[in-house]
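Asker: model the structure of this input:
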Amino acid sequence: MPLLRATQLHHSIGQQIVLDNAELQLEAGDRVCLLGRNGCGKSTLLRIVDGNTVVDSGDIWRQPGVKIARMEQTLDFASPEETIYDVVADGLAGLGKILRRYHELIHGEMGDKELNELEKLQREIEVNDGWLFQQRIENILSRLELDAEATVCSLSGGWRRRVALARALVCEPDILLLDEPTNHLDLDGILWLEQCVMSFQGCVLFVTHDRALIEKLATRIVELDRGILTNYDTNYSRYLELREHALEVEAEQNALFDKRLAQEEVWIRQGIKARRTRNEGRVRALEKMRNERSERRNVTGSASLSVNLGDKTGKVVAELTDVTFEVPGKLLVDKLSLLVCRGDKLALIGPNGAGKTTLLRLILGELSPQSGTVKAGTKLQVAYFDQLRDRLDENKRVVDIVGQGRDAVTINGKDRHIMSYLGDFLFTPERARSHFGVLSGGERARVQLACLFSQPANVLVMDEPTNDLDMETLELLESLLVDFSGTVLLVSHDRSFVDSVASSCLLFEGNGQISEHVGGYTEVSNYKARAAAQQKAVVNTKETPSAAIAPAVTASPAAKTRKLSYKDQRELDSLPAKIEALEAKIAKLGETTGDPAFYQQDGEKVSQTLDQLSSVQLELDACMERWIELAD
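Answerer: Residues are numbered from 1 along each chain as shown. Got it, this is the predicted structure:
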């Protein structure tokens, strides 16, 4: 039995038709990804599902007693001074307020007045079976590793999203709605979210543009396009193929329709012959075709992105030597030496608060290292995509923000009218005259991209550029950065995006240690898997009793010059071939794990392959050590 069924939904916001005879059904166990262009109405649909927005017409049936909770795209807490406990308790509505006050009293100073109030609250909690909900709040906080007494204002964006998810989960909903849940989450947070959603027993309807997350979680995909909801009962890769085919069929049908309409328009202009009584049916058919053509909602065009290229930089963009930087109580960068050359596409990977933005500012010369040196290259023209996006005035119109008071912008030496330029970023003239504050998250991201690419630049600094971008714009941005002849410094937690763009990665391993790896996120993931396997092997060796009591072997000077035994000589002779075979096996496994399709397989198979790669690597290391020992 479905949890929710919606039929013949019609809804408009101003002139925009959000839903046009739309149908949706949600069942227990579903993990449904809702896809669509920025501004098409995905967040509105989530609000319709949970009942916060009423449709213009249509029927929505919800199973009696069904609980629906929503984590919004924009985190809106009543007060940043609230504690995490207060925010999570709000997910229980009226009872939550009682539990909030009770929690506040038992953690504060107690007088006679407070004791009387506490006694009254205890009675109310008992009557409403509130102790069960109190336990539920504590369990949720423990599971999500949240400190009940910490204030919201002290948290990073990623931890605030954990709090918002806890508030949604505390009522144990049957339907969980997630609107861009990965925004501001680091990679560890995203992996944690994957596990959390995978273990959720109810139905999940989520909106995201993280392709790796969709591939991992979605059991089916629903696309919102021009007011129509289309269900694809398949994974993301297959959805892309089916959607491409559907668009091709639609284009062919529209072309045939337009050709037929043009023929009928020629016929009607023949005058009196077309108005004879016997042709009145044909005239009425033509009128119907005209109306159908005028009501057709065409596919929204794609954004057209291009960089306003600056002069070439020198060969070296930045050179860091033994750079150290720390903040009170935390070492962010410890004796880092790094060479950034023209054309490098360098991704910074690590948890929130690890120091990625700090390192960007060190590379760009905005911060001075506490020790070590930073040498900047020549002719640098830097365009910075700011993660916080707080440099744009919400009270200004889009056209004024991008044009900065001018009617035209200069792109690669050519003047372009500001409206034409904004059209490349999918802004109609009406939308371009809107104030920045009324735009959706995706539209705001496109405004910032428009500002960024209007500046001459040979170094692009992209700090979380993928948040809120729709799939088409995201893929175009990928292509642009791949083809960009300058230097790209990228901070992103989008695994697919990093794999597509980055030529090398800096991994923040904690305590100021930063390692460099050729390739994208897949190579970093392989490295982390190998390191974890080696660490596990070391721990297992230490825990083995025989290893613990084995006497240390100290080679005497005479032992270094002794002749090898027949057995050792045979082993030494066989080791080069064995090492070569192991290296070939590692190379083959590396090709397998380096294929983007590898991580789209069953999780158990992926894990087995990575374990095999780690095991072979350990065997190779042991052979190399043995070869060196025997050769010496």
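Asker: okay, and for the stretch 201-350 of the chain, where does confidence drop off?
Answerer: 267-280, 282-283, 286, 290, 292-310 (pLDDT under 70).
Asker: go again with 90.
Answerer: 201-202, 208-213, 215-216, 225-228, 234-317, 327-330, 342-343, 350 (pLDDT under 90).
Asker: now do the helices in it.
Answerer: For the stretch 201-350 of the chain, applying DSSP state H, counting those that start in this stretch gives helices covering 211-217, 236-268, 280-295.
Asker: give me whichever of those helices is most buried.
Answerer: helix 211-217 (a mean of 21; mean count of other C-beta atoms under 10 Å). (C-beta placed from N, C-alpha, C; glycine too.)
Asker: contacts for it?
Answerer: 31, 33, 35, 182, 190, 193-194, 197-198, 204, 206, 208, 221, 235-237, 471, 494-496, 599-600 (C-beta atoms under 8 Å, 6 or more residues apart in numbering).
Asker: buried ones among these?
Answerer: Neighbour counting by 16 or more other C-beta atoms under 10 Å classes 31, 33, 35, 182, 190, 193-194, 197, 204, 206, 208, 221, 235-236, 471, 494-496, 599 among these as buried.
Asker: assign a three-state SS to the residue nearest to residue 9 when sequence neighbours are not counted, would you?
Answerer: Leaving aside its sequence neighbours, residue 9 sits nearest to residue 58 (C-beta to C-beta, 6 or more residues apart in numbering; 3.6 Å). Assigned with DSSP: H, G, I helix; E, B strand; the rest coil, residue 58 falls in the strand class.
Asker: residue 58 touches residue 8, doesn't it?
Answerer: Yes. Here residue 58 lies in contact with residue 8, judged by C-beta atoms under 8 Å, at a distance of 4.7 Å.
Asker: higher neighbour count, these two?
Answerer: residue 58 (16 against 13; other C-beta atoms under 10 Å).
Asker: residue contacts, the more buried one?
Answerer: 6-11, 19, 22.
Asker: show me which of the residues you listed are buried.
Answerer: 6, 9, 11, 19, 22.
Asker: quick revisit: now the helices of the stretch 201-350 of the chain as a markdown table including distance to residue 157?
Answerer: Rendered in a markdown table, the data for the helices of the stretch 201-350 of the chain read as follows (distance: least, C-beta to C-beta, whole Å):
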| stretch | distance to residue 157 |
| --- | --- |
| helix 211-217 | 17 |
| helix 236-268 | 26 |
| helix 280-295 | 42 |
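Asker: hang on, the earlier thing: which neighbours do residue 58 and residue 8 share?
Answerer: residue 22.
Asker: report whether the expected contact of residue 478 with residue 497 is present.
Answerer: Yes. Residue 478 is in contact with residue 497 according to C-beta under 8 Å; the separation is 6.3 Å.
Asker: tell me which of those two has more neighbours.
Answerer: residue 497 (27 against 17).
Asker: the more buried one against residue 466, yeah?
Answerer: Yes. Between residue 497 and residue 466 there is a contact at 5.3 Å, judged by C-beta under 8 Å.
Asker: what's the overlap in contacts for these two?
Answerer: With C-beta under 8 Å, 6+ apart as the test, residue 497 and residue 466 both reach residue 474.
Asker: shouldn't residue 174 be in contact with residue 204?
Answerer: No. Residue 174 is beyond contact range of residue 204, at 10.5 Å (criterion: C-beta under 8 Å).
Asker: related to what we said a few turns ago, between the helices of the stretch 201-350 of the chain, which gets nearest to residue 367?
Answerer: helix 211-217 (31.9 Å; C-beta to C-beta).
Asker: roughly how far is that closest one from the heart of the chain?
Answerer: 10 Å (C-alpha atoms, centre = their mean, to the nearest Å).
Asker: make sure residue 55 is indeed in a helix.
Answerer: No. Assigned with three-state DSSP, residue 55 falls outside any helix and is coil.
Asker: next SSE downstream of the lowest-mean-pLDDT helix or strand in the chain?
Answerer: Across the helices and strands of the chain, mean pLDDT, DSSP states H and E gives its lowest value to helix 557-561, namely a mean of 40. Note on helix 557-561: by DSSP states H and E, the next helix or strand toward the C-terminus is helix 566-594.
Asker: taking the contacts of helix 211-217 one by one, which sit in strands?
Answerer: 31, 33, 35, 204, 206, 221 (DSSP state E).
Asker: contacting residues for the second one?
Answerer: Under the criterion of C-beta under 8 Å, 6+ apart, the contact partners of residue 33 comprise 206-208, 214, 217-218, 220-222, 236.
Asker: show the low-confidence segments of the stretch 351-500 of the chain, by residue range.
Answerer: In the stretch 351-500 of the chain, residues with pLDDT under 90: 351-358, 361, 364-366, 376-460, 462-486, 491-497, 499-500.
Asker: helices of that one, start to end?
Answerer: Using DSSP H, counting those that start in this stretch, helices in the stretch 351-500 of the chain cover 356-364, 398-403, 418-423, 429-432, 441-453, 471-483, 495-501.
Asker: so which of those comes closest to residue 585?
Answerer: Closest among those, using C-beta to C-beta: helix 495-501, at 23.5 Å.
Asker: not counting its neighbours along the chain, what's nearest residue 439?
Answerer: Closest to residue 439 by C-beta to C-beta, 6+ apart is residue 447, at 6.8 Å.
Asker: residue contacts, that neighbour?
Answerer: 392, 398, 401-402, 425, 436, 439.
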